[in-house]
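J.: Got a predicted model here, sequence first, then my questions.
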Amino acid sequence: MQNDNPNIASEKMEFLASLMKEANMKKQNEVMPFLMSIAQRANEKGIQFSDEETEMLVRAMTANMSPAERKKVEMLRQMSKLIGKRKSQSKQ
């Protein structure tokens, strides 16, 4: 994956390229669990993505999914955002 966006660090681009390569090898039924594991893998590497970067990643990874599968991914993203907000509010 070539870094056409100067706002994204090369470390993140390398991580994204690795994820995209791995995602392309997944079967349809393996994509959802794979997507759910990405945040954990990024955290383990100390990588955090902005909302814009996350949106770009999800669009790329869901491009070949059925509308039903994309809807599931969007629902997971919304749940994740809610959980994230609750965690940040409880820390205040």
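T.: Looks like it came in fine.

J.: quick one, strands of this structure?
T.: Ranges of strands in the chain, per DSSP state E: none exist.

J.: Quick one: low-confidence residue ranges for the chain.
T.: Applying pLDDT under 70 to the chain flags the ranges 1-7, 84, 86-88, 90-92.

J.: Roughly how far does the closest residue to residue 38 other than its chain neighbours sit from residue 25?
T.: Setting aside the residues directly before and after it, residue 38 is nearest to residue 19 in space (Cβ to Cβ, 6 or more residues apart in numbering), at 6.3 Å. For the C-beta atoms, the positions are set from N, CA and C on the backbone; glycine is no exception. Distance, residue 19 to residue 25, by Cβ to Cβ, to the nearest Å: 11 Å.

J.: Check residue 17 too.
T.: Taken as Cβ to Cβ, the span from residue 17 to residue 25 is 13 Å.

J.: Which one's more surrounded, residue 19 and residue 25?
T.: The residue with more neighbours, out of residue 19 and residue 25, is residue 19; 20 against 8, by other Cβ atoms under 10 Å.

J.: Would you confirm that that one contacts residue 56?
T.: No. Shown here, residue 19 and residue 56 do not form a contact pair, counting by Cβ atoms under 8 Å, at 11.8 Å.

J.: residue contacts, residue 69?
T.: By Cβ atoms under 8 Å, 6 or more residues apart in numbering, residue 69 lies in contact with 28, 31, 32, 62.

J.: try 10 Å this time
T.: Residues in contact with residue 69 (Cβ atoms under 10 Å, 6 or more residues apart in numbering) are 28, 29, 31, 32, 35, 62.
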